[in-house]
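**Q** I'd like to go over a predicted model; first the sequence, then the structure.
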Amino acid sequence: QLTNVVGGAFTPTVSPDGKTLVYSGYRANDYSLYRLALDAGRSASAGPTLSRDYRSIFLGPKLADEYPTTPYGGRQVFSFLPILQFGPTYVGNTFGLNQISGGVQLSSAEMLGGEELTAWGILGKNLKDDTDPNTDVGVYYQRSMLPRVGNNRTFNPTFYAAARRREIDNLVKPEPTILPPDTLASGTLYPVETDTADLLIPDVQQILYQAYERRDLFKTTMGLLALGIEIPLTRRQTLSLQYEWNDYNENWSLQRFRQQSRIYLVQDGVDISGSLPEEIQSQLLQDSVMVTPGEGRSYYRNLDFYTAHEVGAAWSYLRFKPTANQLADPQGRALSLAYRYQSPTVVDYLVDLGVDDDGAVRNDQIDDFGFPHDEFGVIQDRFTPVRTRLRVSEYIASYVERLGLPHDNTLSLQLLGAYRDLRLKDPESEDTRVLEGRFHWPLRYYLGGMNLLSGYPYFSTWGSKLFYSRVGYSFPVLPRISRRFLNFTASKLYAELFAEAGAVGNFGNAEWGDLKPQRLENHFLTDAGAELRLQLFSFYRVPMTAFFQVARPFNRDRLPLAPDEPRPDRWRYYFGFGL
């Protein structure tokens with residue numbers, strides 16, 4: 001007898017010379033090889049032969065009689081998530097309304113994976129203006145194949161499909177021009193000659209003030225259909241393929257239009273308007289409300305301004321360390337590459353049906369407000385679209401590195417590059433047709449706003465190419481708080497100092513001369529700032545985050561501003577709280 005091993009000696013092997021025995025002995029998470037000399041054995045009497053047929057000697061009841069057993073067919077888990085949001089909405093590069101919205105998200109998933117179905121609905125109300133409610137409804141279905149394991153690798157692709165419809169009402173109200181009080185300090189001066197035959201009062205000057213007030217309602221409807229598959233290549237690498245269909249429609253109607261004018265009569269430097277007869281004074285002041293909300297005028301209805309079919313592939317690598325502070329200050333690396341082919345049909349510009357090719361108004365079917373009618377007198381859309389079809393290739397690369405340092409400090413680096421092979425039209429350039437280039441915003445890259453050049457306003461600059469970089473340094477302020485307020489428990493407080501730099505370009509084919517530092521310098525925008533991040537838990541288990549951020553821009557003079565548009569503020573502030 002050579003061994004007496006609890007649990008058994010596995011794969012025993014005798015050396016070629018017949019003098020040594022080697023076998024495996026397993027532990028909880030590892031194994032060891034043991035070696036024994038064969039001459040160290042001693043004789044032992046063989047014990048009685050034991051029967052290993054336990055089923056034949058078991059005298060108890062059968063398991064089938066004791067427990068009802070059926071194949072696992074899946075167990076569904078249902079979840080309910082209420083949604084409450086405050087804040088502005090935006091479409092393209094235009095902010096819409098400040099709204100309060102609420103809704104619910106419902107999910108049903110199989111406990112061990114398999115499939116998942118999620119649906120949501122959100123309804124939003126304008127806090128200031130009387131517009132239609134904003135809506136957001138969608139459904140998402142995902143099904144994962146059962147894992148197939150072989151050669152230390154797992155093949156578990158996931159198929160998904162999604163559909164979404166959003167409607168946003170954006171009421172544009174330009175700042176109303178208010179008529180000045182009875183003063184001659186400003187205004188448009190029109191001198192009147194004394195020998196004018198039809199002049200009511202000779203030897204006077206007329207000062208004319210005009211004011212306009214209008215409200216335009218834009219209703220944007222965005223539809224989305226998506227199909228895709230995600231294939232895990234390794235534990236950290238994933239390959240995804242996706243098809244996407246986008247359809248954007250818009251309505252534009254004039255809800256209110258008011259025109260006011262007042263004429264002051266000046267004679268020998270004195271305003272004599274108030275001393276004139278009442279019938280003359282009534283002619284000097286006019287106030288006309290031409291369009292009211294109940295009689296809105298439609299410029300266009302259900303304008304299908306952007307429809308695109310897109311197919312793409314993406315590869316991603318993700319490795320994050322499972323640290324105790326990963327919610328407030330994660331550490332690790334993320335890398336992704338993506339390619340997408342887009343085939344959009346977009347409205348290039350609009351044609352005014354109320355104006356002919358020479359710019360003259362067609363009076364035969366135009367009402368007093370400039371809206372065309374058909375042969376039955378029904379008001380038609382004022383503008384009709386001219387569409388163009390594009391072929392666009394898009395390339396995106398992203399790299400994030402968060403390097404852990406001693407004492408829970410973190411050094412972070414982020415790089416982002418995006419490229420579309422086309423030159424987009426600028427709607428602000430001269431000699432453009434009606435709204436030419438305005439509907440190309442789904443193809444633009446924007447810079448500005450929180451964590452994308454935080455020191456600058458949202459949509460500060462745009463282009464068809466983008467580069468963005470960010471460097472940050474994070475450190476704990478209060479690594480342990482453990483303070484509770486209502487159902488919220490504060491856990492950790494971190495701070496971060498960061499600096500950002502980015503640029504966009506709008507060109508066709510790049511040349512090496514365009515990449516010279518002296519040419520690129522004027523296109524880059526930079527800023528720096530700081531952020532406080534508070535890690536929270538709601539009901540002891542739901543992770544939440546609160547933050548406050550402040551940033552300062554360094555290149556405000558480089559922004560493409562309109563002549564009467566003020567420069568951005570010297571400081572910008574952001575704060576947030578949520579899941």
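**A** Noted; the coordinates are in hand. Since the model is a prediction, treat every value here as computed from it, not as a measurement.
**Q** pLDDT below threshold where in the stretch 101-250 of the chain?
**A** Applying pLDDT under 70 to the stretch 101-250 of the chain picks out residues 146-154, 174-203.
**Q** What segments of it are strands?
**A** With DSSP state E, counting those that start in this stretch applied, the stretch 101-250 of the chain shows strands at 115-126, 134-144, 148-150, 153-155, 158-172, 188-191, 205-232, 237-267, listed in chain order.
**Q** Low-confidence ranges, the stretch 451-579 of the chain, go.
**A** Scanning the stretch 451-579 of the chain for pLDDT under 70 picks out 509-522, 540, 563.
**Q** Helices of that one, start to end?
**A** Listed in chain order, the helices of the stretch 451-579 of the chain (DSSP state H, counting those that start in this stretch) span 517-520.
**Q** Now do the same for the closest residue to Y248 other than its chain neighbours: its pLDDT.
**A** Among residues not flanking Y248 along the chain, Y306 sits closest, at 4.1 Å (CB to CB, 6 or more residues apart in numbering). (C-beta placed from N, C-alpha, C; glycine too.) With respect to pLDDT, Y306 scores 94.
**Q** now do the one 4 residues further on
**A** Each residue has a pLDDT score; the one for E310 is 96.
**Q** ok, now which ones touch it?
**A** The contact partners of E310, by CB atoms under 8 Å, 6 or more residues apart in numbering, come to Q242, Y243, E244, W245, N246, R340, Y341, Q342, S343.
**Q** Over to S316?
**A** Taking CB under 8 Å, 6+ apart, one finds Q237, T238, S240, A334, L335, S336, L337 in contact with S316.
**Q** how close does it get to D329?
**A** Distance, S316 to D329, by CB to CB, to the nearest Å: 22 Å.
**Q** Now for the residue nearest to Y248, how many residues are close by?
**A** By other CB atoms under 10 Å, the residues close to Y306 number 22.
**Q** With R541 instead?
**A** 7.
**Q** Report the separation between L497 and G114.
**A** 45 Å.
**Q** And A546, by the same measure?
**A** 36 Å.
**Q** Kindly report the same for D352.
**A** Taking CB to CB as the measure, D352 falls 56 Å from G114.
**Q** and the nearest residue to I263 once chain neighbours are set aside, backbone torsions?
**A** Of all residues beyond its chain neighbours, the one nearest I263 is L284 (4.4 Å), with distances taken as CB to CB, 6+ apart. Note on L284: its backbone torsions stand at phi -80, psi -20 [degrees, to the nearest 10].
**Q** Was I right to think L284 contacts D271?
**A** No - judged on CB atoms under 8 Å, L284 makes no contact with D271 at a distance of 11.1 Å.
**Q** any idea where the helices of the stretch 251-400 of the chain begin and end?
**A** Counting by DSSP H, counting those that start in this stretch, the stretch 251-400 of the chain has helices at residues 278-284.
**Q** Point out where it drops to low pLDDT.
**A** Regions of the stretch 251-400 of the chain meeting the criterion pLDDT under 70 cover residues 274, 277, 279-281, 293-294, 354-380.
**Q** Just the strands from it, written as ranges.
**A** 270-271, 285-291, 297-320, 332-352, 383-389, 392-405.
**Q** Nearest approach to V172 belongs to which of those?
**A** Among those, strand 297-320 comes nearest to V172, with 12.1 Å by CB to CB.
**Q** returning to that earlier point: would you mind listing which of the contacts of S316 are buried?
**A** Listed as buried from these are T238, S240, A334, L335, S336; burial here means 16 or more other CB atoms under 10 Å.
**Q** picking up where we left off before, okay, the contacts of S316 in CSV with distance to F155 next?
**A** Output for those, formatted as CSV (distance: CB to CB, whole Å):
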residue, distance to F155
Q237, 13
T238, 12
S240, 15
A334, 23
L335, 22
S336, 21
L337, 22
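**Q** of all these, which comes closest to T94?
**A** The closest of these to T94 turns out to be S336 (CB to CB; 29.4 Å).
**Q** ok, for that closest one, nearest residue in space, not its chain neighbours?
**A** S316 (4.2 Å).
**Q** And the nearest residue to L493 once chain neighbours are set aside, how far from G448?
**A** Nearest-residue entry for L493: L478, 4.1 Å, with adjacent residues in sequence omitted and distances by CB to CB, 6+ apart. Plainly put, L478 is 32 Å away from G448 if you go by CB to CB.
**Q** about what we covered before: thinking the residue nearest to Y248 is in contact with V347, fair?
**A** Yes - because the distance of 7.3 Å satisfies CB under 8 Å, Y306 is recorded as touching V347.
**Q** Give me the common contacts of the two.
**A** F439.
**Q** can you give me the strands in the stretch 401-550 of the chain?
**A** 409-420, 445-447, 461-463, 465-478, 483-485, 488-505, 525-538, 542-553.
**Q** Tabulate these (TSV), appending distance to G296 and mean neighbour count.
**A** Shown next, in TSV, are the strands of the stretch 401-550 of the chain (distance: least, CB to CB, whole Å; neighbours: other CB atoms under 10 Å):
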stretch	distance to G296	mean neighbour count
strand 409-420	37	17
strand 445-447	31	21
strand 461-463	31	22
strand 465-478	38	18
strand 483-485	48	10
strand 488-505	37	19
strand 525-538	40	19
strand 542-553	40	17
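**Q** Save the ones you listed as TSV, and put in distance to P232 too.
**A** Output for the strands of the stretch 401-550 of the chain, formatted as TSV (distance: least, CB to CB, whole Å):
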stretch	distance to P232
strand 409-420	24
strand 445-447	30
strand 461-463	35
strand 465-478	28
strand 483-485	39
strand 488-505	31
strand 525-538	29
strand 542-553	25
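**Q** returning to that earlier point: with respect to I263, which of the contacts of S316 is nearest?
**A** S336 (65.0 Å).
**Q** Which strand residues bridge the closest one?
**A** On the basis of DSSP bridges, S336 is bridged to S316, S398.
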